[in-house]
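Participant: Sharing a model that was predicted from the sequence below.
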Amino acid sequence: MTSAVSAMGPDDFLLIIMLTALTLYGILGGADFGAGVWEFTTALQSTERERAHIYKAIGPVWEANHVWLIFVLVILLNGFPKAYALLGKTLWLPLLLVLCGIVFRGASYVFRSYGHGAKRERLTWEWVFAVASTATPFFLGASAGAVAAGSLGTMASESPSHDLTGWMSSLSLFTGFYAVGMCAYLAAVYLTREAVVAGDEHLVQIWRQRAMSTGLWVGVLSFAGLVMISIEAPQLANAFKARGWPFVLISLCCGLGSLYELWRHRASRAVLAAMGAVAAVLWGWGVAQYPVLIPPTLTGADAQAPDNVLWWMLAVIVTGTLLLFPALGYLFYLFKSTGSGTAAVRDP
């Protein structure tokens, strides 16, 4: 164990940090996107009470979660510039749509929450928020699927940079929808807990049912995804069999555990299990693909900046973490603590 750690270079440490930040963005920012996905899917039947619950739940901390995505991009740009350039050349369109989704989502949230316009104007902003919240994880997931498919290197050498559809494949489209499903699943579980904390039995039942049904669908999609990977990305499938399979089992156990805890009306435990299920999916992908950063051949060692740059980056990250984590922890403590004076409905 000690020898393995000592054999790791600064690029390996940065890859671990980057995957950790991506995981935090998935389980925290993903739930915020999922809240908008639910507004999109229930826009014609959800009540104002349900919408108010969504906006109240994500309101205090939703923008802070984008720090994890920015963190990943900064590490990629400065630590692995060749990989950053390749992704920018091949995935510029879906990543541009991700950026547009984040911007429009933020603007619509503010105008809807704090504006004093007519009902029609507020409805317009609700639709913008819902569509942007759904499109953003879709294109993020599709970008991840395009990377996993292993065709970006070929696309960069054979296709012009203005190619609009080269990143699209059956795997990338599948992972786009899968990302939306995971966000909806996380949001439903989180909103169940928020309803428990608020003491609203009616909303608890609504979100509990949605969380369980969505969890089942995402579980089916997870198995379908393994089949899709074996067909579209056999190299990655073999890596899953060799070293990624423990994370598949962890994700399965956590997913089933979240459904069981929801069935037993233990929302806080269901949240932890749901987070574990999503984290295991991301770590399984990262571990299976390692040491390749962008398949089929670009490794972290090939794409990295000089070692002295990476060591300075690690020093800055450690220093910044000492400031960032206490601040974020205090923010979540202030706005997400159960000690708000409201009685829990049922969460022993």
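Facilitator: Now that the structure is in, tell me what you want to look at.
Participant: Low-confidence bits of this structure, can you list those?
Facilitator: 1-7, 42-47, 57-63, 113-117, 153-163, 335-348 (pLDDT under 70).
Participant: hey, where'd the strands end up in it?
Facilitator: 292-294, 298-299 (DSSP state E).
Participant: Each with direction, which strands does the last one pair with?
Facilitator: It stands for strand 298-299. Here strand 298-299 is paired, per DSSP bridges, with strand 292-294 (antiparallel).
Participant: Now do the buried residues in the strand it pairs with.
Facilitator: Neighbour counts over strand 292-294 (16 or more other Cβ atoms under 10 Å) mark Val292, Leu293, Ile294 as buried. (C-beta placed from N, C-alpha, C; glycine too.)
Participant: can you check stretch 9-26 too?
Facilitator: 10-15, 17-26.
Participant: Just to check, Asp307 is in contact with Gly9?
Facilitator: Yes - Asp307 is within contact range of Gly9, at 7.2 Å (criterion: Cβ atoms under 8 Å).
Participant: circling back: distance to Gly257 added to the strands of the chain, as TSV?
Facilitator: Compiled in TSV, the strands of the chain are given as follows (distance: least, Cβ to Cβ, whole Å):
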stretch	distance to Gly257
strand 292-294	31
strand 298-299	35
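Participant: right, and those strands - which one's nearest Leu73?
Facilitator: Nearest to Leu73 among these is strand 292-294; the distance by Cβ to Cβ comes to 14.2 Å.
Participant: for that closest one, the distance to its chain's centre please.
Facilitator: Strand 292-294 has its C-alpha centroid displaced from the chain centroid by 19 Å (Cα atoms, centre = their mean, to the nearest Å).
Participant: contacts for it?
Facilitator: Strand 292-294 is contacted by residues 15, 80, 83, 86-87, 147, 152-153, 298-300, 302-303 when judged by Cβ atoms under 8 Å, 6 or more residues apart in numbering.
Participant: Whichever of those residues end up buried, select them in ChimeraX.
Facilitator: To isolate the buried ones among these in ChimeraX, judged by 16+ other Cβ under 10 Å, type:
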select :15,80,83,86,87,147,152,298,299,300,303
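Participant: Tell me the one of the contacts of strand 292-294 nearest Val271?
Facilitator: Closest to Val271, out of all of the contacts of strand 292-294 and judged by Cβ to Cβ, is Leu15, at 27.6 Å.
Participant: separation between that closest one and Val147?
Facilitator: 14 Å (Cβ to Cβ, to the nearest Å).
Participant: next one: Gly88
Facilitator: Counting by Cβ to Cβ, the separation of Gly88 from Val147 is 13 Å.
Participant: got it, and Val271?
Facilitator: Counting by Cβ to Cβ - Val271 and Val147 are separated by 29 Å.
Participant: before we move on, what about Arg210?
Facilitator: Distance from Arg210 to Val147, by Cβ to Cβ: 30 Å.
Participant: now Ser108
Facilitator: Counting by Cβ to Cβ - Ser108 and Val147 are separated by 29 Å.
Participant: what does Leu173 give?
Facilitator: 14 Å.
Participant: next one: Trp283
Facilitator: Trp283 is 15 Å from Val147, where distance means Cβ to Cβ.
Participant: Report the contact partners of the residue nearest to Arg210 when sequence neighbours are not counted.
Facilitator: Closest residue to Arg210 apart from its sequence neighbours, by Cβ to Cβ, 6 or more residues apart in numbering: Ala188 at 4.4 Å. For Ala188, the contacting residues are Gly34, Trp38, Trp207, Arg210, Ala211, Thr214, Gly215, by Cβ under 8 Å, 6+ apart.
Participant: what number of residues lie near the first one?
Facilitator: Taking other Cβ atoms under 10 Å as the neighbour definition, Gly34 ends up with a count of 29.
Participant: try the last one
Facilitator: If you count neighbours by other Cβ under 10 Å, Gly215 ends up with 26.
Participant: Surely it and Leu262 touch.
Facilitator: Yes - between Gly215 and Leu262 a contact is recorded at 7.5 Å, counting by Cβ under 8 Å.
Participant: intersection of neighbour lists for the two?
Facilitator: In contact with both Gly215 and Leu262: Val189, using Cβ under 8 Å, 6+ apart.
Participant: Val74 versus Gly225, what's the distance?
Facilitator: Gly225 is 29 Å from Val74, by Cβ to Cβ.
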